[in-house]
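[1] Here is my input; please provide its structure:
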Amino acid sequence: MSVSKSNSLKPLIPKGNDTLEKESFESYKGRVSSSASNIPDCVLENWIYRHYLCVVSDYSFLNFNKMQFIKEHRSKEDIYLLIKSYDDSWINNLGYQLYKRNNKSWLQDYMLKNMTWPVPIIVLENKEASYLNDRGMKMGVPFHLLEGHLRLNYFREIYRTENEMLKDTHLIWKVNM
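    Prediction:
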């Protein structure tokens, strides 16, 4: 089922988005709170505020006003096996950097030290394969990754390389519509 484009994202554009003068998250949150009352601060900051243009280009067909966010623990097996994307390469192609890069990024260091991610990834429950994006691509089933592609890439690489070291459960934001 394709969902009609929503205007619910227009009021959520950060002032100065994609410039060096982008408003602070605190200012942004105060300004958009009435338009995003259903979106937890963590999701608002790490998805919409940080990645607004990607959100618009990839997910503007979803009705953000109807989204319900549930923070929950998921097993490492569920995360590895059940969370998909439009294309598997989007969640499998960058993980190699985790072990091959000499000077690690802060995220690589964090994930190798803690064996989980610093903030939960965001996934849409899509059990019936009912959502198509504007280009007609099917979203992942039974869960589609909305935000956290690099984190999931690194997670999947750790899972394949040293599964026993990963924490047994990890926090995610599950989105229901």
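
[2] what does the average pLDDT come to for the top helix by length along the chain?
    Criterion DSSP state H: the longest helix present in the chain is helix 149-162. Across helix 149-162, pLDDT averages out at 97.

[3] So which elements touch it?
    With contacts taken as 3 or more Cβ pairs under 8 Å, 6 or more residues apart in numbering; DSSP states H and E, helix 149-162 sits against helix 76-82, helix 97-100, helix 106-114. Backbone N, C-alpha and C define where each C-beta goes, glycine included.

[4] The last one - contacts with which helices or strands?
    Going back to what we said before, that points to helix 106-114. Applying 3+ Cβ pairs under 8 Å, 6+ apart, one finds that helix 106-114 contacts helix 97-100, helix 149-162.

[5] Would you point to the one among these that's packed deepest?
    helix 149-162 (a mean of 19; mean count of other Cβ atoms under 10 Å).

[6] ok so, going back, and the longest helix of the chain, how far from the chain's centre?
    Its chain's C-alpha centre and that of helix 149-162 lie 14 Å apart, by Cα atoms, centre = their mean, to the nearest Å.

[7] So which residues lie in contact with that helix, not counting its own?
    Residues from elsewhere that reach helix 149-162 (Cβ atoms under 8 Å, 6 or more residues apart in numbering): 76, 79-80, 83, 85, 90-99, 107-108, 111-112, 115, 117, 121, 145, 165-166, 170.

[8] buried subset of the residues you listed?
    Among the contacts of helix 149-162, the ones that count as buried by 16 or more other Cβ atoms under 10 Å are 76, 79-80, 83, 85, 91, 94-95, 98, 108, 111, 115, 117, 121, 145, 166, 170.

[9] Nearest the geometric middle of the protein, what residue?
    Glu147 (1.2 Å; Cα atoms, centre = their mean).

[10] which residues touch that residue?
    43, 46-47, 51, 121-122.

[11] lowest average confidence, helix or strand, in the chain?
    For the chain, counting by mean pLDDT, DSSP states H and E, helix 52-59 ranks last in confidence among helices and strands (a mean of 90).
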